[in-house]
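Asks: Next input, structure requested:
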Amino acid sequence: MTCLAINRGISLFHKSPASLDISGGESQVYETNPWKWTETGSQAIQDIEPELRRARFLEDLAEAAREAKSDGWAGPNSKHVDVAALDMALRFIELLPPEIPAPEPSVSPTGEIILGWERGPFRMFSIALKGDDKLAFAAFNRGQRISGAFEFHMDALPGEVVHQLVSWLSS
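Replies: Next up is the predicted model:
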């Protein structure tokens, strides 16, 4: 049996950061049994996986945003989470191909949203969403480093970023 907690105020279908409840509201827990959804339960799990991935990402993003909702959250010079960067993160997860695992979101002390993937101490990939239609990525893979910065106009992920992420995931 799978248990899914969805914070009230988070919708799987909204595109606005306003749909993220960063006030610390209560969560509603839904008990789900994928085998009851259809006669072919394994198909039901495959069909719901992208929505579960998105729900987990939204919960983690909302938690990170709650922690960084005011200046000084990570020290005297830290800035609150940038709402435009939140919007970019929501759009990013919508555009992310379903075969790519969802990243771990966090907030930097400068208010940027950081999306990270980690596969051990020597394999990391992160994307910084700055809220100004720009994103930067950095990858570390067993001693090899690569980075870049690109425009992100919210209609498509920069091809080079997707290419580098897929290459990193498959190495």
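
Asks: Quick one: distance of the longest helix anywhere in the chain to the chain centre.
Replies: For the chain, the helix with the greatest residue count under DSSP state H is helix 41-67. From the chain centre to the centre of helix 41-67 is a distance of 9 Å (CA atoms, centre = their mean, to the nearest Å).

Asks: Kindly report the same for stretch 145-162.
Replies: Distance, centroid of stretch 145-162 to centroid of chain: 15 Å (CA atoms, centre = their mean).

Asks: Could you work out the end-to-end span of it for me?
Replies: 16 Å (CA to CA, to the nearest Å).

Asks: which strands and helices sit next to the longest helix of the chain?
Replies: Judged by 3 or more CB pairs under 8 Å, 6 or more residues apart in numbering; DSSP states H and E, helix 41-67 is in contact with strand 2-7, helix 83-95, strand 104-107. (Glycine included, C-beta is placed from N, CA and C.)

Asks: can you pull the buried residues of that helix?
Replies: For helix 41-67, a neighbour-count test (16 or more other CB atoms under 10 Å) marks 44, 48, 50, 52-55, 57-59, 61-66 as buried.

Asks: again with stretch 144-151
Replies: For stretch 144-151, using 16+ other CB under 10 Å, the buried residues are Phe150.

Asks: Quick check: mean pLDDT of it?
Replies: Here stretch 144-151 scores 94 as its mean pLDDT.

Asks: Can you pull out the residues in contact with it?
Replies: For stretch 144-151, contacts defined as CB atoms under 8 Å, 6 or more residues apart in numbering pick out 133-139, 158, 160-161, 164.
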